[in-house]
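[1] Please work out how this folds:
(4 chains)
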Protein chains: 2
Amino acid sequence: MSQTRVSIKDIARAAGVSHTTVSRALHDNPLISEKTRARIQDLAREMGYIPDAVAQSLQTRRTGTIGLVVTSIADPFFSDLIEGAEAVAATSGMSIFISASHNDPEREIEVVETFHRRRVDGIIVAASRLSNRYTTRLEHIRVPVVLVNQQAEEEQTLFYSVAVDECQGARLAVEHLLDLGHRRVGYLGLGNRLRSNQQRLEGYREALTWAGIQTPDAWTVIAPLDVVQQEGDVAAGQLFFPQLLDGGISAVFCYNDRVAIGSLMACRALNLAVPQACSLVGFDDIELAHYVTPKLTTIRQPRREMGELAMQMVLDLLDEKPVENQKLVPVLVQRESTGRHKEEGL
Amino acid sequence: MSQTRVSIKDIARAAGVSHTTVSRALHDNPLISEKTRARIQDLAREMGYIPDAVAQSLQTRRTGTIGLVVTSIADPFFSDLIEGAEAVAATSGMSIFISASHNDPEREIEVVETFHRRRVDGIIVAASRLSNRYTTRLEHIRVPVVLVNQQAEEEQTLFYSVAVDECQGARLAVEHLLDLGHRRVGYLGLGNRLRSNQQRLEGYREALTWAGIQTPDAWTVIAPLDVVQQEGDVAAGQLFFPQLLDGGISAVFCYNDRVAIGSLMACRALNLAVPQACSLVGFDDIELAHYVTPKLTTIRQPRREMGELAMQMVLDLLDEKPVENQKLVPVLVQRESTGRHKEEGL
DNA sequence: TTGTAAGCGTTATCAG
DNA sequence: CTGATAACGCTTACAA
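    As a prediction, this is how the structure comes out:
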């Protein structure tokens, strides 16, 4: 009907009161008579009034929105995280903006600035590569920022954080393999995951060192940044697993489940039985891990919970509640891709 | 430094001009001297000015945002779609809101209304269940709405649409099985996908009828709404595949890849070889389909493209370009889960 | 070329 | 209890 939206002034005119009164009536302000409140609310409904969030935001300095930056939306890791974050945002009537950085720091900071320009109430960045190089561009940001599994090589201290203990996860994986009798354990990493690759590598080395085992260079292969970026994680696993095999390993801890699946494909191509000829451990526990043959043993990362946690942190910050950085402990999920090591002699 | 953000008035004061001049300078308005333009722009940069998108929106009646509603963010189908939509939105400097309806029509309409309240410039709804029952609540929405694969049983005519030809996809699947020599082909559907389940069932029946084959009731099983909602698609496949088997089929067209994977699991549990004992065709071509054993034959649905297309439609509508509803044709991707039917006699 | 003033739709501050 | 009036930060006639 009406070409234009109805505003509180329109209602005021129709009701013969001031727009101030209408605003109050609509907000159940106690300073208003029960009668007019009801009358105005009915009228508003009849007239199809919908408050203008933009105008409200201008006045209240709150938009009720949160910006969420991930490297890739379609990556199951992040889509789970987003879903968790969205779910808790929704319970508070908050809406979320989503944007993908594609692992490009420049793009990432652009997105953050866009969100800031849109006056979001808070920002969550997953796998952030924002390092201290960018602090000058970021320190003027006056809304809460929470980083999830941040990837910058130096620790970012300007912001809050939620992170999984990557190092501990890697140790769990390697210790599991050691428990199964493996001694020659390799690591297949990804060169485009700066920080977490470093940490998982570290955990891998620690676990072996603690067991009194040296780690020759031939036991660790890191797929170079550009091929991962180009071909994806699975292909990287598939491509570089053979190199590791030449190193003489009997088991491999893979950077994540996708790399492990790539390795699985490589094994199949080489006619190597998993886990009989080679044990494989992944990281993340994405859905794929359940449906592949053999089912993947992996380190579970609570993706959804991390999204929920990060969002809850932002909301608490907005309520001026105190919050603490979170370090989550991943757990081992044993399935079929790992088995007891059989000595060559047998 | 400054506790508060810098506005064009602050810049105006610092530059000794009116805020109007600043606004013009920042927008490269030709009505301004080259000199002051440069001076103001430098000053703005120095002072760390960031335009307030909220205030701009209030004035210009454009927010530069698009609302996107999906049933589930973590579902690879939708996350791909979102990624496509986000990518084209980003090229136009648009930001997107994302929200999940969890397949609940009431929640879906709430989200749409929230977006509308936030003055988004356009709305995309995937797998919408908005039927004509809701038109009264929706007809006052004055922004472009594009539905992707809408699921309401009656066709929704109020809005624009992008959809895959489900019926044709189903026919392709069944014809493929017929070509392989199968005659007793079953359909394993999902009761919570109102429209697309109906259409795929229809395509299934058509293909068989055209081949002169009757379709006894025992050949089609539809997993009931509540168990699918509760347990998920894979479990539904796993649970109901055996029923179909009892119907005596030699091949099954599954509602989607997840159902097919569930069926695969069921086969494995029953020690039935795929495709030797039973051929399986899925729908969608999600990533999982590649990595499962045997790799799934499926009907590819161009998910990312559908997101891109829908977003492009919204943008065109905003530019007042004419647009047409899109009906996409899915294609068969033959992999390993289907094979030639061996007559029982052999 | 620049400035003044009005207005976008709200909420908030005061008087009545 | 209610209503003027002034903000919020910006764009855009209309004047100078």
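[2] Which residue does the stretch 201-346 of chain A have closest to chain B?
    Across the stretch 201-346 of chain A, the shortest distance to chain B (C-beta to the nearest C-beta) belongs to residue A:293, at 4.3 Å. Heads up, the C-betas are built off the backbone N, CA and C, glycines and all.
[3] quick one: pLDDT of that residue?
    We note a pLDDT of 93 for residue A:293 in this prediction.
[4] Could you check which helix or strand contains it?
    According to DSSP states H and E, residue A:293 maps onto no helix or strand at all.
[5] and the gap between the nearest residue to it once chain neighbours are set aside and DNA strand D?
    Nearest residue to residue A:293, sequence neighbours excluded (C-beta to C-beta, 6 or more residues apart in numbering or on different chains): residue B:293, at 4.3 Å. Distance from residue B:293 to DNA strand D, counting by C-beta to the nearest atom of the strand, to the nearest Å: 57 Å.
[6] Distance of residue B:293 relative to residue A:291?
    Residue B:293 sits at a distance of 9 Å from residue A:291 (criterion: C-beta to C-beta, to the nearest Å).
[7] Same question for residue A:32.
    For residue A:32, the distance to residue A:291 (C-beta to C-beta) stands at 59 Å.
[8] Report all helices and strands that the helix or strand of chain A with the lowest mean pLDDT contacts.
    Within chain A, no helix or strand scores below helix A:135-138, which has a mean of 83 by mean pLDDT, DSSP states H and E. With contacts taken as 3 or more C-beta pairs under 8 Å, 6 or more residues apart in numbering or on different chains; DSSP states H and E, helix A:135-138 sits against helix A:105-117.
[9] Heading C-terminal from the helix it packs on, find the next helix or strand.
    Taking DSSP H and E, what comes next after helix A:105-117 is strand A:122-126.
[10] Work out the gap between that following strand and the centre of the chain.
    10 Å (C-alpha atoms, centre = their mean, to the nearest Å).
[11] just stretch A:25-41 next, same as before
    44 Å.
[12] From one end of that stretch to the other, what's the distance?
    For stretch A:25-41, the separation between the terminal residues is 7 Å (C-alpha to C-alpha, to the nearest Å).
[13] Next: stretch A:313-327.
    End-to-end distance (C-alpha to C-alpha), stretch A:313-327: 13 Å.
[14] How about stretch A:13-29?
    End-to-end span of stretch A:13-29 (C-alpha to C-alpha): 20 Å.
[15] Where does the prediction get shaky in chain A?
    Where chain A drops to pLDDT under 70, the residues are A:1-3, A:343-346.
[16] where does it come near DNA strand D, residue by residue?
    A:16-21, A:24, A:31-34, A:36, A:55, A:58-59 (C-beta under 7 Å from any atom of the strand).
[17] Am I right that the residue of the stretch 201-346 of chain A closest to chain B is in contact with residue B:291?
    No - counting by C-beta atoms under 8 Å, residue A:293 stays clear of residue B:291, with 9.1 Å between them.
[18] Between the two, which is the more surrounded one?
    Between residue A:293 and residue B:291, counted using other C-beta atoms under 10 Å in any protein chain shown, the more crowded position is residue B:291 (19 against 16).
[19] out of the residues of chain A next to DNA strand D, who has the most neighbours?
    Result: residue A:21 is most packed of those (other C-beta under 10 Å), 21 neighbours.
[20] List the contacts of residue A:76.
    Residue A:76 sits next to A:286-288, B:74, B:76, B:79 when contact means C-beta atoms under 8 Å, 6 or more residues apart in numbering or on different chains.
[21] one more time with 10 Å
    Counting by C-beta atoms under 10 Å, 6 or more residues apart in numbering or on different chains, residue A:76 touches A:257-258, A:284, A:286-288, A:303, B:74-76, B:79, B:287-288.
[22] same check, this time on residue A:145
    Shown in contact with residue A:145 (C-beta under 10 Å, 6+ apart): A:67, A:69, A:112, A:115-116, A:122-125, A:128, A:130, A:138, A:156, A:158-161, A:314, A:317.
[23] Please name the bridge partners of the closest residue to DNA strand C within the stretch 151-300 of chain A.
    Relative to DNA strand C, the nearest point of the stretch 151-300 of chain A is residue A:160 (27.2 Å; C-beta to the nearest atom of the strand). Beta-bridge partners of residue A:160, counted by DSSP bridges, are residue A:146.
[24] From chain B, how far off is it?
    20 Å (C-beta to the nearest C-beta, to the nearest Å).
[25] okay, now that residue: neighbour count?
    When neighbours are counted by other C-beta under 10 Å, residue A:160 registers 21.
[26] cool, and residue A:27?
    By the criterion of other C-beta under 10 Å, residue A:27 has 11 neighbours.
[27] Could I get the full set of strands for chain A?
    Remark: strands assigned in chain A by DSSP state E are A:65-70, A:95-100, A:122-126, A:145-148, A:160-164, A:185-190, A:220-223, A:251-254, A:279-284, A:297-300, A:326-328, A:331-333.
[28] so of these, which one's packed in deepest?
    Highest mean neighbour count of the strands of chain A: strand A:251-254, a mean of 30 (counted as mean count of other C-beta atoms under 10 Å in any protein chain shown).
[29] Which neighbours in the sheet does it have, and how are they oriented?
    strand A:185-190 (parallel), strand A:279-284 (parallel).
[30] Mind putting those strands into JSON lines with distance to residue B:86?
    As requested, those are exported to JSON lines (distance: least, C-beta to C-beta, whole Å):
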{"stretch": "strand A:185-190", "distance to residue B:86": "24"}
{"stretch": "strand A:279-284", "distance to residue B:86": "22"}
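[31] which bits of the stretch 151-300 of chain A sit near chain B?
    A:232, A:234, A:258, A:261-262, A:264-265, A:268, A:286-294 (C-beta under 10 Å from any C-beta of the partner chain).
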